[in-house]
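give me a 3D structure for the following:
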Amino acid sequence: MKAKTVVSGKLRRAIRANAVFSSVSGIVFIGFAGWLASFTGIISELIIRVVGIGLVGFAAYLFLLTKVKEGIFEPAKVWSVVVGDYLWVLGSLVGLALWHGALTSEGLYLVSAIAYLRWRDCQSPSVFSNKC
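Got it, this is the predicted structure:
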């Protein structure tokens, strides 16, 4: 039997907000890869498109996750979302460290801002509490 945890709608809303942000970002990355490459200094449109496809896939996973029985989430699936967000932040920091010289100032600000927003969202442990 799988472990379940009961939570309120706060976790569901947080996951849905993450899904909306990820899907919109993914669609923008896919649809405007050329412009984003020029704007940020990332030399490959393909990299931006692949990241966009990954974001859309992640968003689909998040939307499916919120379709579970009201108030019931498997802790492993919830933690997979947290780990995914932390990996995004870590990947952003690695990218900034490796390619900061190639990025435009706008690219540096954009990558940093998105990484900060993802990190900030990961800092709300109260969504995992049964008291939410």
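
give me the element Arg12 is part of.
Arg12 is part of helix 9-31 when elements are defined by DSSP states H and E.

list the contacts of stretch 88-99.
Here stretch 88-99 makes contact (C-beta atoms under 8 Å, 6 or more residues apart in numbering) with 42, 103, 108, 111-112, 114-115, 118-119, 122. Every C-beta, even on glycine, is put in place using the N, C-alpha and C of the backbone.

give me the buried subset of those residues.
42, 103, 111, 115, 118-119, 122 (16 or more other C-beta atoms under 10 Å).

burial measure for the residue lying closest to Ala115 once chain neighbours are set aside, as a count.
Once flanking residues are discounted, Ala115 sits nearest to Ser92: 3.6 Å by C-beta to C-beta, 6 or more residues apart in numbering. Residues lying near Ser92 (other C-beta atoms under 10 Å) number 18.

average pLDDT for the helix or strand encompassing Ser92?
Secondary structure from DSSP H and E places Ser92 in helix 75-99. Helix 75-99 shows an average pLDDT of 87 in the prediction.

which of the buried ones among the contacts of stretch 88-99 lies closest to Ala76?
Ala76 lies nearest to Cys122 out of these, by C-beta to C-beta, at 16.6 Å.

residues contacting the helix or strand containing Gly107, please?
Per DSSP H and E, Gly107 falls inside helix 105-122. With contacts defined as C-beta under 8 Å, 6+ apart, helix 105-122 is touched by 14, 18, 21, 25, 39-42, 82, 85-86, 88-89, 92-93, 95-96, 100, 103.
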